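> show me the folded form of this:
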Amino acid sequence: MSSDRVRYDRATAHLDAPLAVVDLQAFDANAADLVRRARGKPVRVASKSVRCRALLERVLEREGFAGVLSYSLEESLWLARSGVADVLLAYPSADRAGFAELTSDPKLARAVTVMVDDPAQLAVVEAARAGREEVRVCLEFDVSLRLLGGRVRIGALRSPLHTPERLAELARAVVRRPGFRLVGLMAYEAHVAGVGDAVAGRPVRSGAVRLMQSASRGRLAALRAEAVRAVRAVAELEFVNGGGTGSVQHTAAEEAVTEVAAGSGLYVPRLFDHYTSFRGSPAALFALPVVRRPGVGVVTVLGGGYPASGAAGPDRLPVPYLPAGLRLTAREGAGEVQTPLLGQAADDLLIGDKVWFRHAKAGELCERFAALHLVDGDRVTRTAPTYRGEGRAFL
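Next comes the predicted model:
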């Protein structure tokens, strides 16, 4: 890791912190590992975990990646206008202006597929329709683990469709409704793909998670296959999407799945250190400058209060990464305008030195920085705007 710090410091010596970088060697290695784990099935890149068009384009140019999994309708239309030919919106939308634009533009209507799990969402689209273009529809099927007759539920609170029968009922409603075409099915296993099973210092919890995930996989594959059969009895499907960075190889092994989704595995934020299924290289980092030396074993850096979304807790905070041996204080954590850091390594830092951090999540880092400096070896080869740098704030 010390050699990485030397590289990053040398590459950004001409730049003042705060700043963010993406290590292209690590990024490309992570992309290759996702393709390897996908076992020949295309990987649809989750844009929320990247939030930089230059890097989305870079990964889509690689063999093994195909299409974008977007997170808002406005973003979907923007990407489609930018030339992305296959955009699957991962979440339902109530963006009436966006639906008006989608239904009146043939190029956008061909490129963008919207997500539906309720007939009321179709009504929103219909009420906003401003043209005659057919709307491509994907259904989301809930595959969370349900135990004790449904009284215990493990997984994200997403779609209300958790039986193949209800899924098929909505599929028939889409097919009957003029102006819509059912083309896809998504079933995201958040309890497998998005939960670490090797958390340091928590062996009992980690063991329980591994047992839960192992027990879930067989049931999950059977349920997903049954759901696909139910929908294919109603309409031909172009794709069946599943997976996530933490479960790519398991999902790709299912015959019913035609593509897998992944995004966080490109940057490998710190929440993805806790998986037995893969090991990635941290690719996205941010640097903060040392601005104070309050005493022995402590320095203060400017900024740093960049918590990740989700249930509040220490695991949502960024962590100092380089130089090794620094830690946040329990009392102040990552501060709004300054962050004190403790550790023996603090005594070797001078005013103006950079401390490199890892964010807890992937793309959320880009909401804090207007640009990513792309590092190859010990040089910045390009500075690419993030979504924020392009003046876009979709959520």
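> could you check the distance from residue 322 over to residue 341?
Distance check for residue 322 against residue 341: by Cβ to Cβ, to the nearest Å, it reads 12 Å. All C-beta atoms are positioned from the backbone trio N, CA, C, and that covers glycine.
> mutual contacts of the two, please.
Taking Cβ atoms under 8 Å, 6 or more residues apart in numbering as the contact rule, the neighbours common to residue 322 and residue 341 are residue 355.
> which residues of the stretch 51-200 of the chain fall in strands?
Ranges of strands in the stretch 51-200 of the chain, per DSSP state E, counting those that start in this stretch, are 65-70, 87-89, 112-116, 135-140, 145-147, 152-154, 180-187.
> output the fourth one as CSV, nothing but the C-alphas.
The C-alpha trace of strand 135-140 is given here as CSV (Å, rounded to 0.1, in the frame of the first residue of the first chain):
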residue,chain,number,x,y,z
VAL,A,135,-42.9,2.2,-23.8
ARG,A,136,-40.6,-0.7,-23.1
VAL,A,137,-41.4,-2.3,-19.7
CYS,A,138,-39.5,-4.5,-17.3
LEU,A,139,-41.2,-6.1,-14.3
GLU,A,140,-39.4,-6.3,-11.0
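> tell me where the stretch 201-350 of the chain has strands.
With DSSP E, counting those that start in this stretch as the criterion, the stretch 201-350 of the chain has strands spanning 239-242, 259-262, 284-295, 298-302, 319-322, 327-328, 338-342.
> most packed of the ones you listed?
Here the criterion is mean neighbour count by mean count of other Cβ atoms under 10 Å, and of the strands of the stretch 201-350 of the chain the winner is strand 259-262, at a mean of 26.
> could you say what helices and strands that one packs with?
strand 43-46, strand 65-70, strand 239-242, helix 248-252 (3 or more Cβ pairs under 8 Å, 6 or more residues apart in numbering; DSSP states H and E).
> so for residue 351, which of these sits nearest?
With Cβ to Cβ as the criterion, residue 351 lies closest to strand 43-46 of the helices and strands packed on strand 259-262, at 39.3 Å.
> any low-confidence regions in the stretch 151-300 of the chain?
By pLDDT under 70, the weakly predicted segments of the stretch 151-300 of the chain are 151-155, 190-218.
> could you pull out the helices for it?
In chain order, the stretch 151-300 of the chain shows helices spanning 164-176, 190-193, 203-232, 248-252, 264-267, with DSSP state H, counting those that start in this stretch as the criterion.
> what sits against residue 92?
Taking Cβ under 8 Å, 6+ apart, one finds 114, 115, 116, 117, 118, 121, 140 in contact with residue 92.
> please apply the same query to residue 164.
The contact partners of residue 164, by Cβ under 8 Å, 6+ apart, come to 141, 223, 226, 227, 229, 230.
> buried subset of those?
Using 16 or more other Cβ atoms under 10 Å as the burial test, the contacts of residue 164 include 141, 223, 227, 230 as buried.
> in TSV, list these along with distance to residue 6.
Rendered in TSV, the data for these read as follows (distance: Cβ to Cβ, whole Å):
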residue	distance to residue 6
141	48
223	50
227	51
230	56
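> what's the farthest-apart pair in these?
Using Cβ to Cβ, the pair of these lying farthest apart is 223 and 230, separated by 10.6 Å.
> tell me what residue 69 is bridged to.
Each beta-bridge partner of residue 69 is listed here: residue 46, residue 88, as defined by DSSP bridges.
> could you report the pLDDT at the residue minimising distance to the centre of the chain?
Most central residue of the chain, judged by C-alpha distance to the mean C-alpha position with Cα atoms, centre = their mean, is residue 49 at 3.3 Å. If you check residue 49, the pLDDT there is 97.
> find the residue closest to it in space, skipping its chain neighbours.
residue 263 (2.9 Å; Cβ to Cβ, 6 or more residues apart in numbering).
> tell me the buried residues in stretch 269-277?
Counting neighbours by 16+ other Cβ under 10 Å, the buried set in stretch 269-277 is 269, 270, 271, 272, 273, 274, 275, 277.
> which residues does the last one contact?
Contacts of residue 277 were listed using Cβ under 8 Å, 6+ apart, and they are 197, 246, 247, 249, 250.
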